[in-house]
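Novice: heads up, no residue letters with this:
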């Protein structure tokens, strides 16, 4: 267990009459849980104390890092109004090995026992030990999934606080998906015993989730389809349920040419070419800087720059990367057979993210790059501050996300839209709540269809970019509602009550 807390003397101006103490909890890597970090930031900006609980792992988004004394000092920037009002408790649950049959049989019991210990210790002991505020917990916001043991322990904590202090925190569930759908149905080839075990686990998980859901005080969902489903199947409906669509925060925006140049110099995709003519010129694949006497100069986008495709993936089976790989092979074949020289740009594909299937695909990507000279694929992991910058440079985004429940939406698409980047997304039942085919992007069902879309959208780039279909999509994306305004309208009153005006 690791704790990080800093106290400040000055209190941020509170938009509610009285600052409250909110606990935001996710049983996952906090740094890879953007929606819960955005909740945290909104609560802080609204003038409340926040304790953020989750697994150790990646760094937080920069606005949250600035809430700590050491971060503000290192960057020599003025601390934000909520400086010192955030506390982060990171858990490190035991990860059992799966080296033999005995360990595999014991994996789930040991994992569950470790999670129980971590959550109980964090909520009942660590949360109340040297807190950054004397205020009692007013609301506990939990991410679902995972449902087990999160929902039960969160409910018990709120109940226990009510008995102990007569001040019961509100329990709010943020439904990112349905927990029981994470347990996949048994494949047809599974043995009878294995199939029965997996089916039983899924049935028990659904029963548990159905029983726990009505015990919460309020619910937020990521789609209207999920709100309807919860009402029809879990008995959760009415004013205590609101749809809070994912929206990009202001950090996701188009990247300036100067910042693009600086980023591509650091990413070093092919090693920045540096040539010296009459004037010193610094060149990347996408940009060039013409330096003058004092070392300063102008930065331009290259007229012969490649098209940049960006895809963020978790490298898991529900984001089938083979579809994109198949599409890029077909695209390359189409380019070589149909396009004349200079009619079609070279294509650079950057894939971000970590996950279990990445090691499987890396040799395949290396082979692809060696045999397809007009398209190159790069896999990188970016710092939290660089990810929005990269998206802001992209020509087109690719989403391979499919939903286990068919009721959630890919947040990565919202990030791309925040940067005014159109998206090609694989279709599933409720994707239409986000991606409008032919309006702000394209929807595909197969690698072949994606290849056709890429050829159509990228033909003539970048010379005809201002007149292209892509530019039409970009115009349709501009002006979308951002996270802050959306949260204030849809989530604030469920979490901390209505806005009471400035302090």
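Specialist: Received the coordinates, thanks. Since the structure is predicted, the reported quantities are computational estimates derived from the model, not experimental observations. Numbering: from 1, shown residues only.
Novice: Can you show me the helices along the stretch 351-500 of the chain?
Specialist: Counting by DSSP state H, counting those that start in this stretch, the segments of the stretch 351-500 of the chain that form helices are 358-371, 386-391, 411-418, 447-458, 469-477, 483-490, 492-496.
Novice: Figure out which of those is closest to residue 127.
Specialist: Nearest to residue 127, of all the helices of the stretch 351-500 of the chain, is helix 492-496, at 17.7 Å by C-beta to C-beta. Backbone N, C-alpha and C define where each C-beta goes, glycine included.
Novice: what ranges of this protein fall below the confidence cut-off?
Specialist: Applying pLDDT under 70 to the predicted model, the residue ranges of the chain that meet it are 1-17, 69-77, 130, 186, 271-280, 292-296, 341-342, 464-467, 498-503.
Novice: Which secondary structure state does residue 97 sit in?
Specialist: coil (DSSP: H, G, I helix; E, B strand; the rest coil).
Novice: any idea how far residue 148 lies from residue 258?
Specialist: Noted for residue 148: a distance of 48 Å to residue 258, by C-beta to C-beta, to the nearest Å.
Novice: Neighbour count for these two, which is higher?
Specialist: Set side by side, residue 148 and residue 258 give different neighbour counts by other C-beta atoms under 10 Å, the larger being at residue 148 (22 against 12).
Novice: who's in contact with that one?
Specialist: Applying C-beta atoms under 8 Å, 6 or more residues apart in numbering to residue 148 gives the contacts 112, 179, 205, 208.
Novice: burial count for the first one?
Specialist: Burial of residue 112 is recorded as 13 neighbouring residues (other C-beta under 10 Å).
Novice: And the third one, by the same measure?
Specialist: As a burial measure, residue 205 scores 20 neighbours (other C-beta under 10 Å).
Novice: Distance check, the nearest residue to it once chain neighbours are set aside against residue 469.
Specialist: If the residues on either side of it in the chain are set aside, residue 205 comes closest to residue 180, at 3.9 Å by C-beta to C-beta, 6 or more residues apart in numbering. When distances are taken as C-beta to C-beta, residue 180 and residue 469 turn out to be 40 Å apart.
Novice: Ok, residue 395 next?
Specialist: In this structure, residue 395 and residue 469 are separated by 12 Å, where distance is defined by C-beta to C-beta.
Novice: do the same with residue 404
Specialist: Using C-beta to C-beta, one obtains 32 Å as the distance from residue 404 to residue 469.
Novice: Which strands and helices lie in contact with the helix or strand containing residue 195?
Specialist: For residue 195, the enclosing helix or strand under DSSP states H and E is helix 192-212. In terms of contacts (3 or more C-beta pairs under 8 Å, 6 or more residues apart in numbering; DSSP states H and E), helix 192-212 is packed against helix 150-165.
Novice: The helix it packs on versus helix 192-212: what angle between them?
Specialist: Relative orientation of helix 150-165 versus helix 192-212 (axes from the mean of the first three to the mean of the last three C-alpha atoms, to 10 degrees): 40 degrees.
Novice: Thank you, goodbye.
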